[in-house]
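Asks: Below are the sequence and a predicted model for it; my questions follow.
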Amino acid sequence: MSAPAPAADASRPGDAPRGAPTEDCLLGGGRPAAPPPPSPVAAAYARLTEVFPGLRIDELAPDEGQPEGGGWVSATRLAEGGSALDAFLAWDEAQVRKDYGQPARPDVVATFGLHRYAWPACLLVTVPWFLHRRVPRFPAGRVSFQRALGRMSVRAGAFACLPDDPLSGHPDARVVADEEALREEVRAAVAEHLEPLLDGFGPRMRRRGRALWGMATDEVVEGLWYVAHLMGEEQRAMRELEALLPGATRPFVGAAGFRTLTGLQGQSLPTRDRASCCLFYTLRPEETCVTCPRTCDGDRVSRLSEAASS
């Protein structure tokens with residue numbers, strides 16, 4: 001379930017096809033409507049979809065309503081923990097039966113469901129920060145998810161940036177002093193979005209407090225680590241994530257936790273130790289995640305070496 005290493009594929013939150021683009025609106029006389037100016041985070045999201053077509057992010061206009069029906073669910077409805085969450089987790093339950101030929105415990109299903117939401121949701125914040133040093137804020141009410149199509153719908157607004165950003169004079173910009181201040185914005189933005197989701201999913205997962213925020217730490221780290229690998233910037237992402245989550249950065253629990261092993265041919269193999277457990281072992285006890293603390297270094301070296309060679 002988790003993203004054990006960027007080279008591994010078992011953890012991605014679905015490989016569904018992208019949705020078909022909508023038709024342009026037409027003005028009188030059949031001329032296409034002038035497109036709105038790109039948002040401060042549009043280029044980052046376009047780059048994300050370029051390297052990872054399994055996720056597309058649609059930005060809404062200020063007067064455009066959140067999508068409803070057709071498989072869309074808002075983050076707010078998920079956070080409420082009611083019927084919308086029931087329906088969301090029913091998909092995970094069915095997927096487990098399809099993939100593994102057996103049912104999963106309800107808390108395992110809920111853990112898988114949160115992972116499949118939080119992994120892409122964290123990228124809404126971390127990718128613009130990583131690529132352009134811009135940190136958008138997305139309260140839960142501004143985000144909807146269509147998991148079958150791998151799409152998220154967002155309403156962008158204020159963003160934090162550094163003084164030398166070309167858009168520092170943008171009306172929605174909030175300039176912060178330096179890189180550490182911007183990292184604090186990343187942590188605050190992710191926490192603001194995830195906190196109500198953790199409250200909604202938590203009772204189903206039988207987890208509270210530190211265990212939930214440990215999972216949040218893992219979603220932040222492993223999502224950007226994987227995507228940066230696709231961009232050819234894995235090493236920089238590891239450095240950035242170590243500075244972002246060095247440990248003791250509340251409410252997050254644990255550090256980025258990267259370390260390097262030596263492969264069978266003497267190559268360097270990056271790995272990390274998860275701050276939480278994704279519970280995949282409950283379905284396949286012999287197949288723990290590569291980044292699971294249950295997985296010894298000998299097994300990690302063997303599996304990562306094989307992945308690197310292929």
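Replies: Sure, I can see it.

Asks: The stretch 201-310 of the chain: helices as residue ranges?
Replies: 209-230, 234-244, 297-309 (DSSP state H, counting those that start in this stretch).

Asks: Look at residue 252 and say how many residues are nearby.
Replies: Neighbouring residues of residue 252 were enumerated by other C-beta atoms under 10 Å; the total is 23. Quick note: C-beta positions are derived from backbone N, CA and C, even for glycine.

Asks: With adjacent residues omitted, what lies nearest to residue 49?
Replies: If the residues on either side of it in the chain are set aside, residue 49 comes closest to residue 56, at 5.0 Å by C-beta to C-beta, 6 or more residues apart in numbering.

Asks: again with residue 136
Replies: Residue nearest to residue 136 in three dimensions, not counting chain neighbours: residue 159, with 4.5 Å by C-beta to C-beta, 6+ apart.

Asks: give me phi/psi at that neighbour?
Replies: Per-residue torsions, residue 159: phi -140, psi 150 (degrees, to the nearest 10).

Asks: For it, name its beta-bridge partners.
Replies: When assigned by DSSP bridges, residue 159 has beta-bridge partners residue 136, residue 173.

Asks: residues in contact with it?
Replies: Contacts of residue 159 were listed using C-beta atoms under 8 Å, 6 or more residues apart in numbering, and they are 40-41, 128, 134-137, 170, 172-174.

Asks: try 7 Å
Replies: With contact taken as C-beta atoms under 7 Å, 6 or more residues apart in numbering, residue 159 is in contact with 40-41, 134-137, 172-173.

Asks: can you redo the residues you listed as a markdown table with distance to residue 153, pLDDT and neighbour count?
Replies: Formatted as a markdown table, the contacts of residue 159 follow (distance: C-beta to C-beta, whole Å; pLDDT from 0 to 100; neighbours: other C-beta atoms under 10 Å):
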| residue | distance to residue 153 | pLDDT | neighbour count |
| --- | --- | --- | --- |
| 40 | 17 | 97 | 21 |
| 41 | 14 | 97 | 25 |
| 134 | 19 | 98 | 25 |
| 135 | 20 | 98 | 26 |
| 136 | 14 | 98 | 25 |
| 137 | 16 | 97 | 19 |
| 172 | 19 | 96 | 15 |
| 173 | 23 | 97 | 17 |
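
Asks: Turn these into JSON lines, columns for distance to residue 266.
Replies: As requested, the contacts of residue 159 are exported to JSON lines (distance: C-beta to C-beta, whole Å):
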{"residue": "40", "distance to residue 266": "44"}
{"residue": "41", "distance to residue 266": "41"}
{"residue": "134", "distance to residue 266": "40"}
{"residue": "135", "distance to residue 266": "39"}
{"residue": "136", "distance to residue 266": "42"}
{"residue": "137", "distance to residue 266": "45"}
{"residue": "172", "distance to residue 266": "50"}
{"residue": "173", "distance to residue 266": "47"}
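
Asks: just checking, what packs against the lowest-mean-pLDDT helix or strand in the chain?
Replies: Ranked by mean pLDDT, DSSP states H and E, the helix or strand of the chain with the weakest confidence is helix 297-309, at a mean of 90. Contacts defined by 3 or more C-beta pairs under 7 Å, 6 or more residues apart in numbering; DSSP states H and E place helix 297-309 against strand 258-262, strand 268-272.
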